[in-house]
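> Just need the structure, nothing else, for what follows:
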Amino acid sequence: MTNESVKLTARSRTTSGKGAARQLRRSGQLPAVVYGRRDEAESLALDTHELSRLLSRVHAATTVIDLEVDGGKPRPVLIREIQRHPYRPQLLHVDFFEIRADVKIRVSVPLHLLETPAGVEMGGILQHLRHEIEVECLPNEIPSAFTIDVSALEIGDSLQVSDVDTGEVEVLDDDAVTICTVVPPAVEEVEEEEEVEELEEGEAEAEAEAPEAEANEG
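Just a heads-up that it's a prediction; the model follows:
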């Protein structure tokens, strides 16, 4: 399923530097930059609450945003990077890059696993090794996510990139890359550890009994 574009408003920003950025954040705004197709940068200010609401309902890396600056004509952009506070739930800065509707772009699309594998029902463990794959497509063809039904996987089974139904979207990752696998439970390792412990205990008892036997013989 492809993403639907969403709208976001912004205003041009002439101030720069850490002090100006802190002042913006205190007023409920967020400093941002949008890079054009020739990589020229334009400084912006966004409403932090508006952006936070948007990010709570879309996947940032694959959602085309109609960015309206100073009331002008909306421009299609993608989020390039989001900077967050290291330990507070706070947005610090966001980078956008402008795209063209007729030019293909590369994006990473998330992979969602559906259902519980048969092997897990039998005690196995599902290992999700790859959480997204890179594709190339037109902006209006970007999938919101690829879903994979893993219910048929038994212990020892795995799925590769080639098993994902991507429709007409071109996948750039190697077909042989493993996305997920169901591995046996860790019972065997526990049993081996117990056997080693029992063997070590037996050896210790034998060593303790040896001096007593020698003493009796003497």
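> which residues does the residue most central in space within the chain contact?
Geometric centre of the chain, nearest residue: His131, 5.6 Å, by Cα atoms, centre = their mean. By Cβ atoms under 8 Å, 6 or more residues apart in numbering, the residues touching His131 are 110-111. C-beta here means a position set from N, CA and C on the backbone, and glycine is covered the same way.
> Renumber starting at 41 from here on
Will do, 41 is the new start, and the previous item becomes His171.
> What separation is there between it and Leu151?
Using Cβ to Cβ, to the nearest Å, one gets 6 Å for the distance from His171 to Leu151.
> what number of residues lie near Pro114?
14 (other Cβ atoms under 10 Å).
> Excluding covalently adjacent residues, which one is nearest to it?
Nearest non-adjacent residue to Pro114, counting by Cβ to Cβ, 6 or more residues apart in numbering: Asp106, 3.8 Å away.
> Phi, psi for the one you found please.
Main-chain torsions, Asp106, degrees, to the nearest 10: phi -90, psi 100.
> And the strands in the protein?
Counting by DSSP state E, the chain has strands at residues 46-52, 69-75, 81-87, 105-109, 115-124, 131-138, 145-154, 165-168, 172-177, 186-189, 198-200, 210-211, 218-223.
> Could you list the low-confidence segments of this structure?
For the chain, the stretches with pLDDT under 70 are 41-44, 77-79, 227-258.
> How about the contacts made by the residue nearest to Leu95 when sequence neighbours are not counted?
Of all residues not flanking Leu95 in the chain, Ile122 sits nearest, at 7.7 Å (Cβ to Cβ, 6+ apart). Residues in contact with Ile122 (Cβ under 8 Å, 6+ apart) are 95, 100, 131, 133-135.
> Just the buried subset of these, please.
Neighbour counting with 16 or more other Cβ atoms under 10 Å marks 131, 133-135 as buried within the contacts of Ile122.
> Stretch 118-138: which residues count as buried?
Within stretch 118-138, the residues that qualify as buried are 118-119, 122, 131, 133-138, counting by 16+ other Cβ under 10 Å.
> and what of stretch 200-215?
200-201, 204, 209, 211, 213.
> roughly how far is it from the heart of the chain?
Put simply, stretch 200-215 sits 17 Å off its chain's centre (Cα atoms, centre = their mean, to the nearest Å).
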